[in-house]
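Asker: show me the folded form of this:
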Amino acid sequence: MARPTTALIVDDEAHVRVFVRLLLKEAGVEKTWEASDGEKGLALVAEHHPELVLLDINMPIMDGLAMLSEMAERHPEVPVVMLSSLGAVKTVRECVERGAVGYILKHSSKAAAVAMLRETLDSLAVDDADNAAADEDDAAGANQSAPDAPAS
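Answerer: From the prediction side, this is the model:
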């Protein structure tokens, strides 16, 4: 994917959604949507097709880990960055195992959070460029003719 310009923020705390929206704007994301739980988040993903989802772990109704699993099944093309006040290695590992591409600690400084977000956005753009180059190499190889078979 190209560097994402649209994002969905899913967090049950309104002040966190406002903060994350400001971080996204500073990182170059142009359009955002917001949801306060995983069920609403999944509905907004289906409706708006954001290029990135930022997802809290601890929420009512459907928590972030459950939504992350649903995202991997229903919308595997949409990268998910987890938001949490928990920095436990076990939690981070579980998020990555379920498909998260990044993890931002809520209690990070603004500068650190923006840097982590930009790094994640840049890596998504680089991964896309690498995949496009590999696809071009594959296509070029498929267009080359095979050498003639030896005569018997």
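Asker: shaky segments in the chain?
Answerer: 1-3, 86-88, 126-152 (pLDDT under 70).
Asker: all helices for it, in order.
Answerer: Under the criterion DSSP state H, the chain contains helices at 14-26, 38-48, 64-74, 89-97, 110-143.
Asker: can I get these in a markdown table including mean neighbour count?
Answerer: All C-beta spots, glycine's among them, are computed from the backbone N, C-alpha and C. Written out in a markdown table, the entries for the helices of the chain read as follows (neighbours: other CB atoms under 10 Å):
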| stretch | mean neighbour count |
| --- | --- |
| helix 14-26 | 16 |
| helix 38-48 | 18 |
| helix 64-74 | 18 |
| helix 89-97 | 13 |
| helix 110-143 | 13 |
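Asker: need the contact list for the residue nearest the centre of the chain.
Answerer: Centroid-nearest residue in the chain, with CA atoms, centre = their mean: P79, separated by 2.4 Å. P79 sits next to M1, P4, E51, L52, V53, V101, G102, T120, L124 when contact means CB atoms under 8 Å, 6 or more residues apart in numbering.
Asker: nearest residue to it other than its sequence neighbours?
Answerer: Nearest non-adjacent residue to P79, counting by CB to CB, 6 or more residues apart in numbering: V101, 4.4 Å away.
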